[in-house]
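J.: what's the 3D shape of this:
(one chain, ligands or ions: 1)
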Amino acid sequence: MKQFKYIPPYLSALLLTVLCFSAKGQPDFSLSNGVYRIPYTDGTDVRITRDHLNHTPPGRIDMIGINGAAPYKIVAAGNGTIRHIDDTHENVDCDGGDCAPCNNYVWIEHPNGEWTKYTHFIKGSVNALGWEVDDVVCVGDYLGNEGDIGCASGDHLHFEVAVPDDINDPFDPVGGFINGVNLIPVICGIDGNFFTDDSEYTAGPCDPVDCQADLSLNDVAFPNVFVHMATNSISSGGASTVTTGAAGLFQAEGFIHLSPDFQVALGSEFNARIGECNKPVWEDVANCPNFTGPDPPGIAFPPGQGSGILALYSQPNPASDELAVHFRLPEAGAYRLDVLDVQGRLVRSVSHPEMNPAGKYTLELKVTDLEPGTYTLLLLAGKESGVERFVVAR
Ligand SMILES: [Zn+2]
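T.: Alright, predicted model coming up:
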């Protein structure tokens with residue numbers, strides 16, 4: 001279990017009034033690397049009451065469940081590990097009017113280094129579900145019930161994505177305020193992929209952000225927040241300008257072309273990333289299967305390892321004589337594992353054409369006969385495939 005530093009009571013008392021009304025550190029208005037889902041149970045209608053600009057302090061999101069029956073159920077926005085739970089408070093102002101010590105909140109650490117916070121739970125609604133610190137949670141897991149406990153006026157969910165400056169001291173335990181920076185959450189399945197004030201959405205499981213192969217953006221007036229992702233390339237043609245106060249993201253797997261008269265104004269945040277078109281946070285934890293299959297006995301997946309639906313992962317890397325290849329089958333079926341050398345030649349193949357049950361698998365591969373170098377593992381299972389590279393060194 002992680003130990004967090006605690007501020008002595010006399011010091012925290014001094015900080016309370018400050019923390020209740022101001023941010024520790026200003027948000028830098030970068031967009032999150034991870035793609036998150038709307039943190040309510042599937043089918044819940046949600047209204048954004050304060051987006052990242054209008055929230056006090058900025059960089060966080062307030063939202064409420066609507067059109068249904070309270071209490072609305074809050075779910076994890078991505079796969080991760082619970083790092084803090086406090087749902088012991090019952091009143092908005094529990095300590096002579098200071099709201100921060102009364103915050104009921106959960107922090108989840110995600111494998112990509114980003115953390116999400118969920119605040120104002122109804123007393124006991126997290127513990128009633130059996131959650132404990134260090135539990136792995138999977139996207140969509142029910143965390144607790146929307147309430148108005150702590151620095152809140154009325155039932156709502158306070159949601160934020162943040163990166164702590166120091167994971168040994170990620171937040172102030174009084175109120176749970178981040179010691180780090182907040183990021184604008186990139187959300188799947190909604191217009192523009194970010195929350196805006198007064199917009200209404202329906203929560204649900206979502207596919208990764210729909211990425212076109214190529215995006216060509218000519219003479220675009222960039223709005224306050226923009227997210228453009230492409231599988232191959234993004235081209236900014238024409239004299240487009242990212243204006244002061246805007247925060248934006250170009251993310252493409254292959255190329256980003258900025259035309260000579262593309263401008264980014266002082267006071268804006270513009271991110272150009274070469275990387276996977278979208279990086280759903282829910283694909284990053286091998287312990288979060290999208291399947292219901294038993295784990296073979298004795299196989300423990302390293303938490304936070306493996307990616308993609310097959311969670312293909314190998315160790316050690318580099319390997320000298322033996323390589324353990326871990327993966328999971330989302331559904332029963334045949335699988336085949338190929339090993340390719342750097343020229344793409346097949347050097348090993350393990351085939352299991354029979355009906356294998358869904359679940360987690362580990363194959364031990366001898367690599368003593370392989371020359372030192374880089375190799376590719378290609379796993380084929382049903383309509384899924386996974387790729388992982390490993391190095392042989394001696
Ligand atoms: Zn809030």
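J.: quick check: mean pLDDT across stretch 268-277?
T.: The pLDDT scores in stretch 268-277 average 82.
J.: So which bits of that stretch are buried?
T.: 268-270, 276-277 (16 or more other CB atoms under 10 Å). Quick note: C-beta positions are derived from backbone N, CA and C, even for glycine.
J.: quick one: the helices in this structure?
T.: 9-21 (DSSP state H).
J.: Just list whatever residues bridge to Val350.
T.: Leu337 (DSSP bridges).
J.: hang on, the earlier thing: just checking, which of the buried residues of stretch 268-277 belong to strands?
T.: Secondary structure defined by DSSP state E assigns 269-270 of the buried residues of stretch 268-277 to strands.
J.: for this structure, what's the longest strand?
T.: The chain, longest strand under DSSP E: strand 225-237.
J.: what residues does it touch?
T.: 31, 52, 184, 186, 192-194, 196, 209, 211-220, 246-259, 262, 277-278 (CB atoms under 8 Å, 6 or more residues apart in numbering).
J.: In the stretch 201-350 of the chain, which residue sits nearest the ion?
T.: Tyr201 (17.2 Å; CB to the ion).
J.: Show me the domain layout of the protein.
T.: 9-202, 212-274, 304-392 (automatic domain parsing).
J.: Could you look over those and pick the most buried one?
T.: domain 9-202 (a mean of 19; mean count of other CB atoms under 10 Å).
J.: Show me how far it is from its chain's centre.
T.: Taking CA atoms, centre = their mean, to the nearest Å, one finds domain 9-202 lying 14 Å from the centre of the chain it belongs to.
J.: circling back to that earlier point, farthest pair in the buried residues of stretch 268-277?
T.: The distance between the two most remote of these (CB to CB) is 24.4 Å, for Ser268 and Glu276.
J.: can I assume Glu146 is in contact with His158?
T.: No. Glu146 is beyond contact range of His158, at 10.0 Å (criterion: CB atoms under 8 Å).
J.: what is in contact with these two at once?
T.: His120.
J.: how near is the closest residue to Phe255 other than its chain neighbours to Ser259?
T.: Spatial nearest neighbour of Phe255, chain neighbours left out: Ser233 (4.1 Å); criterion: CB to CB, 6 or more residues apart in numbering. Between Ser233 and Ser259 the computed distance is 13 Å (CB to CB, to the nearest Å).
J.: distance of the residue in the stretch 101-250 of the chain positioned nearest to the ion from Leu370?
T.: Closest to the ion within the stretch 101-250 of the chain is His158: 3.3 Å, counting by CB to the ion. The gap separating His158 from Leu370 is 52 Å, by CB to CB.
J.: For the closest residue to Arg389 other than its chain neighbours, report the pLDDT, please.
T.: In this structure, Arg389 finds its nearest non-sequential neighbour in Thr376, 5.5 Å apart by CB to CB, 6+ apart. Thr376 carries a pLDDT value of 87.
J.: Which residues are in contact with Thr376?
T.: For Thr376, the contact set (CB under 8 Å, 6+ apart) comprises 339-341, 344, 387-389.
J.: Ok, Asp261 next?
T.: 238-240.
J.: ok, which residues in the stretch 101-250 of the chain are in contact with the ion?
T.: Within the stretch 101-250 of the chain, the positions near the ion by CB under 5 Å from the ion are His158.
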